[in-house]
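# just to be clear, the model below is a prediction. Sequence and coordinates:
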Amino acid sequence: MTSQHAQTPPSPAIEVRDLTVAYRSLVALRSVSLTVPWGQVYGLIGTNGSGKSTLFKSIMGILRPNSGTVLINGGSAAIARRRSLISYVPQSEDVDWSFPLSVREVVMMGRYGSLNWLRTPRRKDRTAVSDALEKVGMADFADRQIGQLSGGQRKRVFVARALAQGAAIVLLDEPFTGVDKTSEATISFLLRRLAAEGKTILVSTHDLHSLPGLCDAAALINKTVLLHGTPAEVLKPDNLALAFGANPFAARHGATTGGATFVHAPLAG
Ligand SMILES: Nc1ncnc2c1ncn2[C@@H]1O[C@H](COP(=O)(O)OP(=O)(O)OP(=O)(O)O)[C@@H](O)[C@H]1O
C-alpha cells in the first residue's frame, strides 16, 4: 500500500547549481555545481587562486554570482544567515586582528544576529560563549585581546564563535594554515563531532594529509569542480595530476586512478 502523501526528500545542506562568479573580467568560478549533504565534513581542495574563498563567499551570499544559484537547506543564503543557520570561519588574512576586541567579545558575536548587535547578552548567551570557549580549549584566554593570540588560537576562537552561534552549517576557509598541531587536533576533533551530530562542515584546505582522517568526501576545484569522491579517491596522485597538471601537492598517497567522479575535463592553468 502506498502512502497518500509522498515524502519530500530533505534538502541538502548546501546545493550549488551552475555557479559562475567574476571579478570584472576575471572569471573566478565557472559553472560550479556541488551538493553537500547533512552530517558530513566535506573538503574543498584547490591550489592558490583556484576559487575556494570565492565559492565560500558565494555560498554565504556575500558575493553576488553572475549566474547560477546557491541553496542553503533549500532556501536562500540570506535567510540562512538571518536564522543563524550558517557560519563562516574566514581565512586569517581576512580578519583585522588589531581591532580592540577580546576573545569573549568575538565569540559573543556568534550570539547576535547582525540586526541585534546592541542587545545586552543574557545569561544563556554568556553560558553558550563559556561552553564554546571550553570546547576549543580557550577558556583561560577569554579576556585576552584577539591580536595577542597565536595563529592556531585565533582559529579556535572563530570556531568557538561558530559553536556559540549554534550554526548547523559551518564553512571553514583554510583552518589549518599557520596552525599548531594542538589547535589542528582540537579543531579536527570538534568538526568530526559536529558532523556526528548531523551538522555539515565545508572546509577548504591545502593540507591533503589531514583529509582522510577529517573528511567524508571531497572535491577538487580549479575554477570549477573537477572531480569529487571519497578522500582516498580524490587523493590518488593520478587524479591530482589530472586535475592540476603536475601534482602540485606532492601527495604521498596511493598510486592508482579510478573511483573518483570527474565532473569536467581538467582545466589548464
Ligand atoms: N576581490 C577580488 N577582486 C579581484 N580578483 C579577485 C578578488 N578576490 C579574488 N580574486 C581573484 O579570483 C581568483 C580566485 O581567488 P580566491 O581567493 O577565491 O582563490 P582561493 O582558492 O581561495 O585562493 P587562496 O588559496 O590563495 O586563498 C584569483 O585569481 C584571485 O586573484
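Everything's here; your move. Residues are numbered from 1 along each chain as shown.
# please enumerate the strands of the stretch 101-250 of the chain.
169-173, 200-205, 217-221, 225-229 (DSSP state E, counting those that start in this stretch).
# looking at those strands, which is closest to Val136?
Nearest of the strands of the stretch 101-250 of the chain to Val136, taken as C-beta to C-beta: strand 169-173 at 12.7 Å. In short, each C-beta sits where N, CA and C put it, glycine included.
# run the angle between the closest one and strand 200-205 for me.
Using axes from the mean of the first three to the mean of the last three C-alpha atoms, to 10 degrees, the inter-axis angle of strand 169-173 relative to strand 200-205 is 0 degrees.
# in JSON lines, list the strands of the stretch 101-250 of the chain along with mean neighbour count, mean pLDDT and distance to Asp125.
Listed next are these as JSON lines, based on neighbours: other C-beta atoms under 10 Å; pLDDT from 0 to 100; distance: least, C-beta to C-beta, whole Å:
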{"stretch": "strand 169-173", "mean neighbour count": "25", "mean pLDDT": "92", "distance to Asp125": "19"}
{"stretch": "strand 200-205", "mean neighbour count": "25", "mean pLDDT": "93", "distance to Asp125": "23"}
{"stretch": "strand 217-221", "mean neighbour count": "24", "mean pLDDT": "93", "distance to Asp125": "34"}
{"stretch": "strand 225-229", "mean neighbour count": "24", "mean pLDDT": "91", "distance to Asp125": "38"}
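# domain ranges for this protein?
What the TED database lists as the domains of the chain is 11-85+168-178+201-245, 94-166.
# highest average neighbour count across those?
domain 11-85+168-178+201-245 (a mean of 19; mean count of other C-beta atoms under 10 Å).
# the stretch 51-200 of the chain: helices as residue ranges?
For the stretch 51-200 of the chain, applying DSSP state H, counting those that start in this stretch gives helices covering 52-59, 77-82, 103-108, 123-135, 151-165, 181-196.
# residues from the stretch 51-200 of the chain in reach of the ligand?
Residues of the stretch 51-200 of the chain lying close to the ligand (C-beta under 6 Å from any ligand atom) are Gly51, Lys52, Ser53, Thr54.
# tell me the contacts of the nearest residue to the last one once chain neighbours are set aside?
With sequence-adjacent residues excluded and distances taken as C-beta to C-beta, 6 or more residues apart in numbering, Thr54 is closest to Ala28, at 4.3 Å. When the contact criterion is C-beta atoms under 8 Å, 6 or more residues apart in numbering, the partners of Ala28 are Val21, Ala22, Gly51, Thr54, Lys223.
# follow-up on the earlier one: looking at the domains of the chain, which has the lowest confidence?
Ranked by mean pLDDT, the domains of the chain bottom out at domain 94-166, which scores a mean of 85.
# who touches the helix or strand hosting Gly43?
For Gly43, the host element (DSSP states H and E) is strand 41-45. Applying C-beta under 8 Å, 6+ apart, the set of residues contacting strand 41-45 from outside is 36, 52, 55, 191-192, 195, 200-206, 208, 211, 214-221, 231, 234.
# from one end of stretch 67-81 to the other, what's the distance?
End-to-end span of stretch 67-81 (C-alpha to C-alpha, to the nearest Å): 21 Å.
# the most centrally placed residue in the chain: what's it in contact with?
Closest to where the C-alpha atoms of the chain average out (C-alpha atoms, centre = their mean) is Leu171, at 2.4 Å. Residues near Leu171 by C-beta under 8 Å, 6+ apart: Phe56, Ile59, Met60, Ile86, Ser87, Tyr88, Val89, Ile201, Leu202, Val203.
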